[in-house]
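Engineer: here's a sequence, model it:
(one chain, ligands or ions: 1)
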Amino acid sequence: MDRFVVTGGVPLKGSIAVSGAKNSALPALAASLLTEEPVVLHGIPRVRDIATMVSLLGSTGARTQVEGGTVRIEAARITQPEAPYELVKTMRASSLVLGPLVARHGRARVSMPGGCAIGARPINLHVHGLEQLGAEVTQSHGYIEAAAPDGMRGAVVHFDRITVTGTEDLLMAAVLAKGETVLVNAAREPEVTDLADLLTRMGARIEGAGSSTIRVVGVDRLYGTEHRIIPDRIEAGTFLIAGAITGGDLLLTECRPEHLTALTVKLRQAGVEVTVEGSSRMRVRSGGRLRSVDMTTEEHPGFPTDLQAQYMALMTQADGISLITETIFENRFMHASELMRMGANIRIEGRQAIVAGPRELSGAQVMSSDLRASASLVLAAMVAKGETIIDRVYHIDRGYERIEEKLAGVGGNILRVREGRE
Ligand code: EPU
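Structural biologist: Below you'll find the model as predicted:
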């Protein structure tokens, strides 16, 4: 298992190009199952979750070809409409193939995702939505089977709570359904809009993506196309916080500043200078002291839960008490105890973390527990005194493309130590 060795104390300076969004690339890859024609996707990040999704598409019978950041998928025939346990257990977003497989093939079998580090994360809302569209869904032997041999029928699907991949799954099911579907209380994340853009290029009729009501008029078939994935706002946000926490001066290129508003508002309140340069560049500068600022995670356009752990690392360095409230997932504070081992002063009370700062952090041996928690530890290590060893970085490799190279490129003292070569 690889680990990172980080020596803190260097202000990061220079420029970093942001990669394509993992959470946009995953549904886009799943959407390629909706047509027998080739779909070519650009800007696909080279991270482990993407490799998992590409293997999953391959196992359904699709032909896949990966060349750098471009993936070509040709699902001429679906031979096995299934997401097996081995894949779902490593990446619960595998359930994104449920909607497209039933819509295209009339049948799908997807392993139920178990619990994961950040909470129970059920898929009942995906299932309920598919039933509304006329699929018959049964559950046995740890698998969910959905069947709609005569095709799906448009319907009103009301989500009890906002779900990102649930909205995406249903959108992909609705595009080939007969008649009109209305998704009510839909997720408004930019990744949903990106998926709708791709589906529209494939011939789908969709209105309202990016708002909480999405209307879809089903079409008989979809076609091949080419599409570029949007930049990863969570990766970009992680680097903005890296610039802020190290007192650095970073320019992010190839990003979408309008997707990062909730974070930039908080950073500015904390005393960090964030400027937007044109439509795709952002600069973050921080020299002086940081002020504590409370934060509550919310669905988009609120503050993303996927940046909560990194924000907590930042607040350990801010002057005063900050209250961080996690409303999306019930168990997403595992990074707090590792940050405490580095000297942070954090108290957890249910869904709230109370962070008192600034505290000088000192390097320690810490362990990654999930993707974003690992990013938070890397950020803390960047500002800690001495050496931090971060174990189990396979978590970070699920969603960040060469993070150690990108950080080293702007002066960070971070090294990947590969197993067996220590
Ligand atoms: N939920 C249900 N039932 C469902 C679906 C969701 O109760 O059927 C609950 C979840 O347990 C959670 C809440 O609804 O408490 C929101 O979950 P959501 O479905 O929106 O999460 P997701 O679609 O599984 C995506 C991202 C996550 C991100 C969340 C929230 C992808 C592939 N994953 O997950 O990303 O945290 O939305 O924004 O898009 C990450 O990248 O590190 C990551 C975890």
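Engineer: all contacts plus neighbour counts: C-alpha atoms, from now on.
Structural biologist: Noted.
Engineer: distance check, Ser15 against the ligand.
Structural biologist: 23 Å (Cα to the nearest ligand atom, to the nearest Å).
Engineer: quick one: is stretch 31-45 near the ligand?
Structural biologist: No. Using Cα under 6 Å from any ligand atom, stretch 31-45 stays clear of the ligand, coming no nearer than 12.7 Å.
Engineer: same check, this time on stretch 155-169
Structural biologist: Yes. Contact of stretch 155-169 with the ligand is found when judged by Cα under 6 Å from any ligand atom, involving Ile162, Thr163, Val164, Thr165, Gly166.
Engineer: same thing with stretch 178-185?
Structural biologist: No. Using Cα under 6 Å from any ligand atom, stretch 178-185 never reaches the ligand; the gap is at least 11.6 Å.
Engineer: can you read off the pLDDT for the closest residue to Leu260 other than its chain neighbours?
Structural biologist: With Cα to Cα, 6 or more residues apart in numbering as the criterion, Leu260 has its nearest non-adjacent residue at 6.4 Å, and that residue is Arg233. On pLDDT, Arg233 comes in at 98.
Engineer: isn't Arg233 right up against Thr261?
Structural biologist: No. Assessed by Cα atoms under 8 Å, Arg233 is found out of contact with Thr261, at 10.1 Å.
Engineer: of the two, give the one with the bigger neighbour count.
Structural biologist: Arg233 (26 against 15; other Cα atoms under 10 Å).
Engineer: relative to Tyr85, how far out is Thr52?
Structural biologist: Distance from Thr52 to Tyr85, counting by Cα to Cα, to the nearest Å: 12 Å.
Engineer: which strand or helix spans whichever residue of the stretch 301-422 of the chain sits closest to the ligand?
Structural biologist: Per Cα to the nearest ligand atom, Phe329 is where the stretch 301-422 of the chain lies closest to the ligand, at 4.4 Å. When elements are defined using DSSP states H and E, Phe329 is found to belong to no helix and no strand.
Engineer: burial of it, as a residue count?
Structural biologist: 14.
Engineer: in this structure, which spans are helices?
Structural biologist: 22-31, 48-60, 85-88, 98-105, 124-132, 164-174, 190-201, 233-245, 261-269, 308-315, 334-341, 371-383, 394-397, 403-408 (DSSP state H).
Engineer: now Ala25: how far from the ligand?
Structural biologist: Ala25 is 9 Å from the ligand, by Cα to the nearest ligand atom.
Engineer: Val156 contacts Ala186, correct?
Structural biologist: No. With contact defined as Cα under 8 Å, Val156 does not count as touching Ala186 (11.5 Å).
Engineer: tally of neighbours for the nearest residue to Ala103 once chain neighbours are set aside?
Structural biologist: Leaving out its chain neighbours, the residue that sits closest to Ala103 by Cα to Cα, 6+ apart is Ala173, at 5.1 Å. Ala173 has 30 neighbours, counted by other Cα under 10 Å.
Engineer: ditto for Arg351
Structural biologist: 16.
Engineer: please name the residues that touch it.
Structural biologist: With contacts defined as Cα atoms under 8 Å, 6 or more residues apart in numbering, Arg351 is in contact with Thr325, Glu326, Thr327, Glu330, Asn331.
Engineer: could you pull up phi and psi at it?
Structural biologist: phi -90, psi 10 (degrees, to the nearest 10).
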